[in-house]
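Q: Provided below are the primary sequence and the corresponding predicted coordinates.
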Amino acid sequence: MPSAESQVELAQGQALLASARRKAGQFPEAERAARAALALEPGHALALYELGLALHEQGAIAQAAAALEAACARRPIWAEAQYARGVALFGVADVAGAVSAFRQALEANPRYPAAHVNLGIGLQRLGLFEEADAAFAAAVALSPGSAEAHYNLGVVRQDLGRMDAAAACFRRAIVLDPDHAEAHFSLSRQAPPDDRSPPAEADFARLRRQLDGSGAQDPRARSTLLFALAKRLEDRGDPDGAFACLEEANRLGRALPDVRPARPAGQLAEIARAFDRPLLARLAGAGVESRRPIFIVGMPRSGTTLVEQIISAHPQVAGAGELPNLGHIVQQARGADGAVFPDWAQALTAQDCTTLGRAYLESLPPAAGAVHVTDKANFNFALLGLIHLCLPGAAIIHCQRDPRDVGLSCFAARFNEGIGFTYDLQEVGRYWRAYHALMDHWRAVLPPGRILEAPYEALVEDIETWARRLVAHCGLEWDDACLRFYESGRPVLTASAAQVRRPIYGSSVGRWRRFAAHLGPLLDALGEPWATDFA
């Protein structure tokens, strides 16, 4: 039997072998060597670290996080291990834990640019945008040649409405890395429609060179660049060229592995059947009586961001953006027989409504000083019957827009998380019809006045009348700040982030007409009257 001293040496040797195997890309072999080291010395810090990295590379993220947690418990002042732990915690959606790990990495090594960048990303996800700005700025100061650091600093400054500073960061990222597709895309979204200034012309030329050159062959990067070029070409009065870019961008984007489906169109009809008049009558008066949430719903690109900006400019309202909370609660809920939504709806009890309502209220982010919190998760339009039952005091605003403009805007938008139906015009049209039918159902079965309909075209034509109507529907006294929504410093994280930083404009009304020659599949899918109404 080897001596205790020789066991320590053997464990160290296996840990070093694990490191060598990992660096050579031999991850299963690295895992075996690390486990051999731990069999000899269970608390070997380097072996735990190497095991965590090897597991992470093989996709076993939760196990990797546990191994790295153990490594850091053995050696807390270890920047690389804390950093790796933070990355693994991101992978298991523990953002707060990841932020803590990155902070500890920086305590061990304050001059660690990647830790500053990831700390900034975590702080953004937690809604701590000013702190995220400071983290990204620290990364830029330590690594001024990092395009990624400049890009991330630009993103958080765009979120905060500091558009000129954001544009400067995006341009610097492109100079450092001409292949940085996300920086090109973000810069294109910031440009006003008729901008022909020297900086804008230089941005356009760089973008064209990148697409025409040998770079950007990666499908994701090329799709992103094509979305950017489509925006630039449309701004320059070339809808045909813009549409050709959109077709290729969507073809490439649809094939990417992380495209997420929306709630299936077929399920929308099932929801209408489940939430019928008898159910709503049986559970009348159930739920939690709270006016705190304000739900803003509608198809993507229907004006939800604009409506939220107007309402959240009120001093008693905090804008929370697109919260996934209600969707997650509904997905996790199960009926007594294991049924999933909407199959469990008919078996709902008053107590169930109270439980679901409380779960949602408890999930809302803190909003210091605000009485109300907005939730503009578009697809909550599918849950309006449940919202009515569980949160009968919550305000509901439905954003409407000409479906031809909605369809084109969905096709022209590169969503951060791809939405399956938006990559095909015919699918957009079919989905819109299913959504429209469900909204007709809610209007028929919910009490009159329960939903405020907010037509985008009317809103941009008479902003003050509609702003007052929106505020009143939320049970609030009027405040003139709601007309200066574009001055708000509130972070905006959607595809409309740049647009809502400018005063109201109507150029997007009837945008589809510029592309009418290309929209046959959309118009056919929408059917009457949209397919023939060209007035």
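A: Structure's in. What do you need?

Q: how far away is Ser171 from Ile463?
A: Careful, residue 171 is Arg; it's not Ser. Per C-beta to C-beta, to the nearest Å, Arg171 is found 32 Å from Ile463. Glycine gets a C-beta too; all of them are placed from N, C-alpha and C.

Q: contacts for stretch 165-185 next, please.
A: With contact meaning C-beta atoms under 8 Å, 6 or more residues apart in numbering, stretch 165-185 is reached by 145-148, 150-151, 153-155, 157-158, 186-187, 190, 199, 203, 206-207, 209-210, 215-216, 220-222, 224-225, 227-228, 414.

Q: quick one: which of those residues sit in helices?
A: 147-148, 150-151, 153-155, 157-158, 186-187, 190, 199, 203, 206-207, 209-210, 220-222, 224-225, 227-228 (DSSP state H).

Q: buried among the residues you listed? Need that as a selection in PyMOL.
A: In PyMOL, this line selects whichever of the ones in helices among the contacts of stretch 165-185 come out buried by 16 or more other C-beta atoms under 10 Å:
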select buried, resi 147+148+150+151+153+154+155+157+158+186+187+190+203+206+207+210+220+221+222+224+225+227+228
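
Q: Ala149 contacts Phe136, correct?
A: Yes - with contact defined as C-beta atoms under 8 Å, Ala149 reaches Phe136; the gap is 6.4 Å.

Q: what packs against the host helix or strand of Glu464?
A: Assigned by DSSP states H and E, Glu464 falls within helix 463-473. Counting contacts by 3 or more C-beta pairs under 8 Å, 6 or more residues apart in numbering; DSSP states H and E, helix 463-473 packs against helix 304-312, strand 395-400, strand 451-455.

Q: got the domain boundaries for the chain?
A: Annotated domains of the chain cover 4-193, 194-257, 266-526 [automatic domain parsing].

Q: so which of those is the most surrounded?
A: domain 4-193 (a mean of 20; mean count of other C-beta atoms under 10 Å).

Q: show me how far that one is from its chain's centre.
A: Distance of domain 4-193 from the chain centroid (C-alpha atoms, centre = their mean, to the nearest Å) equals 21 Å.

Q: please apply the same query to stretch 410-419.
A: Counting by C-alpha atoms, centre = their mean, stretch 410-419 comes out at 11 Å from the chain centroid.

Q: CA atoms only: put it into PDB for me.
A: C-alpha atoms of stretch 410-419 as PDB (Å, rounded to 0.1, in the frame of the first residue of the first chain):
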ATOM      1  CA  CYS A 410     -41.600  40.200 -37.600                       C
ATOM      2  CA  PHE A 411     -39.900  39.000 -40.800                       C
ATOM      3  CA  ALA A 412     -37.500  42.000 -40.700                       C
ATOM      4  CA  ALA A 413     -36.600  41.700 -37.000                       C
ATOM      5  CA  ARG A 414     -33.700  39.600 -35.800                       C
ATOM      6  CA  PHE A 415     -35.000  38.600 -32.300                       C
ATOM      7  CA  ASN A 416     -32.400  37.800 -29.700                       C
ATOM      8  CA  GLU A 417     -34.000  34.400 -29.200                       C
ATOM      9  CA  GLY A 418     -35.400  33.400 -32.600                       C
ATOM     10  CA  ILE A 419     -39.200  32.800 -32.700                       C
END
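
Q: ok, and what's touching that stretch?
A: Contacts for stretch 410-419 (C-beta under 8 Å, 6+ apart): 185, 223-224, 227, 230-231, 234, 242, 246, 249-250, 253-254, 256, 258-262, 299-301, 421-423, 425, 428, 495, 522.

Q: in helices, which of those fall?
A: Per DSSP H, those map to helices at 185, 223-224, 227, 230-231, 234, 242, 246, 249-250, 253-254, 425, 428, 522.

Q: start to end distance for stretch 518-531?
A: 13 Å (C-alpha to C-alpha, to the nearest Å).

Q: got a list of contacts for that stretch?
A: 239-240, 243, 403-404, 407-408, 411, 424-430, 432-433, 512.

Q: if we use 6 Å, what do you get?
A: 243, 403-404, 407, 425-426, 429-430 (C-beta atoms under 6 Å, 6 or more residues apart in numbering).

Q: from the chain's centroid, how far away is that stretch?
A: The answer for stretch 518-531 is 29 Å, by C-alpha atoms, centre = their mean.

Q: and stretch 375-391, by the same measure?
A: 18 Å.

Q: ends of that stretch, how far apart?
A: By C-alpha to C-alpha, one end of stretch 375-391 lies 13 Å from the other end.

Q: separation between the closest residue to Phe204 other than its chain neighbours and Gly241?
A: Closest residue in space to Phe204, ignoring its immediate chain neighbours: Arg232 at 5.2 Å, by C-beta to C-beta, 6 or more residues apart in numbering. Computed as C-beta to C-beta, the Arg232 to Gly241 distance reads 9 Å.

Q: repeat that for Gln267.
A: Applying C-beta to C-beta to Gln267 and Gly241 gives a distance of 38 Å.

Q: try Glu182
A: Taken as C-beta to C-beta, the span from Glu182 to Gly241 is 22 Å.

Q: what does Ile174 give?
A: 21 Å.

Q: please enumerate the helices of the stretch 251-400 of the chain.
A: 265-274, 277-282, 304-312, 325-332, 350-363, 384-390 (DSSP state H, counting those that start in this stretch).

Q: just the CA atoms of the last one, as PDB, please.
A: This points to helix 384-390. Extracted C-alpha coordinates of helix 384-390, given in PDB (Å, rounded to 0.1, in the frame of the first residue of the first chain):
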ATOM      1  CA  LEU A 384     -55.700  36.500 -20.600                       C
ATOM      2  CA  GLY A 385     -58.500  34.200 -19.300                       C
ATOM      3  CA  LEU A 386     -56.100  32.900 -16.600                       C
ATOM      4  CA  ILE A 387     -54.900  36.400 -15.700                       C
ATOM      5  CA  HIS A 388     -58.500  37.500 -15.300                       C
ATOM      6  CA  LEU A 389     -59.300  34.600 -12.900                       C
ATOM      7  CA  CYS A 390     -56.000  34.800 -10.900                       C
END
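
Q: average pLDDT for it?
A: Averaged over helix 384-390, pLDDT sits at 98.

Q: for the fourth one, same thing?
A: Per-region confidence: helix 325-332 scores 92 on mean pLDDT.

Q: that one vs helix 350-363, what angle?
A: Interaxial angle of helix 325-332 relative to helix 350-363 (axes from the mean of the first three to the mean of the last three C-alpha atoms, to 10 degrees): 140 degrees.

Q: quick one: list the elements packing against helix 325-332.
A: helix 350-363 (3 or more C-beta pairs under 6 Å, 6 or more residues apart in numbering; DSSP states H and E).

Q: so Gly253 sits right up against Ala221, yeah?
A: No - using C-beta atoms under 6 Å, Gly253 is not in contact with Ala221, being 11.2 Å away.

Q: mutual contacts of the two, please.
A: Common neighbours of Gly253 and Ala221 (C-beta under 6 Å, 6+ apart) do not exist.

Q: hmm, who's touching the helix or strand that contains Ala137?
A: Ala137 is part of helix 129-142 when elements are defined by DSSP H and E. Residues outside helix 129-142 that contact it (C-beta under 6 Å, 6+ apart): 111, 113, 116-117, 119-120, 123-124, 149-150, 152-153, 156, 159-160, 491.

Q: what's the angle between it and helix 147-159?
A: 150 degrees.

Q: rounded mean pLDDT for helix 129-142, please.
A: For helix 129-142, the per-residue pLDDT averages 96.

Q: what do you get for stretch 477-489?
A: 85.

Q: related to what we said a few turns ago, so can I have TSV of the helices and strands packed on helix 463-473 showing distance to Ala64 and mean pLDDT?
A: Converted to TSV, these look like this (distance: least, C-beta to C-beta, whole Å; pLDDT from 0 to 100):
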stretch	distance to Ala64	mean pLDDT
helix 304-312	37	95
strand 395-400	42	98
strand 451-455	46	97
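
Q: need those in CSV (columns: distance to Gly43).
A: As requested, the helices and strands packed on helix 463-473 are exported to CSV (distance: least, C-beta to C-beta, whole Å):
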stretch, distance to Gly43
helix 304-312, 51
strand 395-400, 55
strand 451-455, 60
